[in-house]
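Engineer: could you work out the structure for the sequence below:
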Amino acid sequence: MNVLLLSGGLDSSALAVGIRPALCLTIDYGQRAAAGEIAASEALCKELELQHRLIRVDLSHLGSGDMATRSASASTSSASEFWPFRNQMLITLAGMFLLPEGIDEIIIGSVAKDRHADGRGPFLRAIDRLMRLQEGNIRVSAPAARISTVDLLKNVNFPRELAGITFSCHVHKYACGSCNGCRKHRTVIEDVYGESGRLR
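Structural biologist: This is a model prediction of the structure:
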């Protein structure tokens, strides 16, 4: 069984369209925007007729950056939304939760321009190897790791009407319009669809 970690953002939503995984999993780990991510993920899966599940593990006291309530360390953060070891945490939680159900692959939505170390090739190869060394032999894949979000949306022919469901805010349950996630979302939508609203 392959499982997609679905945040409701453009990258993971495009993978949901392109791959149609057996299960989409959203994790509420105490991030400030959890309610928005959950609502977007549930709506997207309903539209695509994909199975969706949610797990809640409150780790808000461990987080930092825009997505948490504590400031990120200037010496270690690559961007204001940096949450230490976030992808490692999400992959581990997904594996823990779904191992008894026969999961064999966890898919994450990393793209080529990912600013964080846990979205780049060295980390992705290492976490894949680490998970496969353990019980269950679970594979970790990032199918879009070598392309941009714009190219990913174009490659899967992402419907414009689904773009309105997606959610990329880092700080609120509604799109704030000014955080890094909201700015990226707006720029990508403009690049992909332009004024016509159709894929370019």
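Engineer: what about the residue lying closest to F123 once chain neighbours are set aside, distance to L124?
Structural biologist: Using C-beta to C-beta, 6 or more residues apart in numbering and skipping the chain neighbours, the partner closest in space to F123 is A117 (5.5 Å). Glycine gets a C-beta too; all of them are placed from N, C-alpha and C. Plainly put, A117 is 10 Å away from L124 if you go by C-beta to C-beta, to the nearest Å.
Engineer: before we move on, what about N180?
Structural biologist: From N180 to L124 the distance is 21 Å (C-beta to C-beta).
Engineer: hey, C-alpha coordinates of stretch 90-101 in PDB?
Structural biologist: The C-alpha coordinates for stretch 90-101 follow below in PDB (Å, rounded to 0.1, in the frame of the first residue of the first chain):
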ATOM      1  CA  LEU A  90       6.100  13.200   9.500                       C
ATOM      2  CA  ILE A  91       7.600  10.200   7.800                       C
ATOM      3  CA  THR A  92       8.300   8.500  11.100                       C
ATOM      4  CA  LEU A  93       4.700   9.100  12.400                       C
ATOM      5  CA  ALA A  94       3.200   7.800   9.100                       C
ATOM      6  CA  GLY A  95       5.300   4.700   9.300                       C
ATOM      7  CA  MET A  96       4.400   4.100  13.000                       C
ATOM      8  CA  PHE A  97       0.700   4.600  12.400                       C
ATOM      9  CA  LEU A  98       0.400   2.500   9.200                       C
ATOM     10  CA  LEU A  99       3.000  -0.300   9.600                       C
ATOM     11  CA  PRO A 100       0.400  -2.700  11.000                       C
ATOM     12  CA  GLU A 101      -1.800  -2.100   7.900                       C
END
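Engineer: pLDDT averaged over it - what is it?
Structural biologist: The average pLDDT for stretch 90-101 rounds to 97.
Engineer: then stretch 32-52?
Structural biologist: Averaged across stretch 32-52, the pLDDT comes to 96.
Engineer: what's in contact with it?
Structural biologist: Stretch 32-52 is contacted from outside by 6-9, 13, 16-17, 20-26, 28, 31, 54, 66-69, 162, 165-167, 169-175, 181, using C-beta atoms under 8 Å, 6 or more residues apart in numbering.
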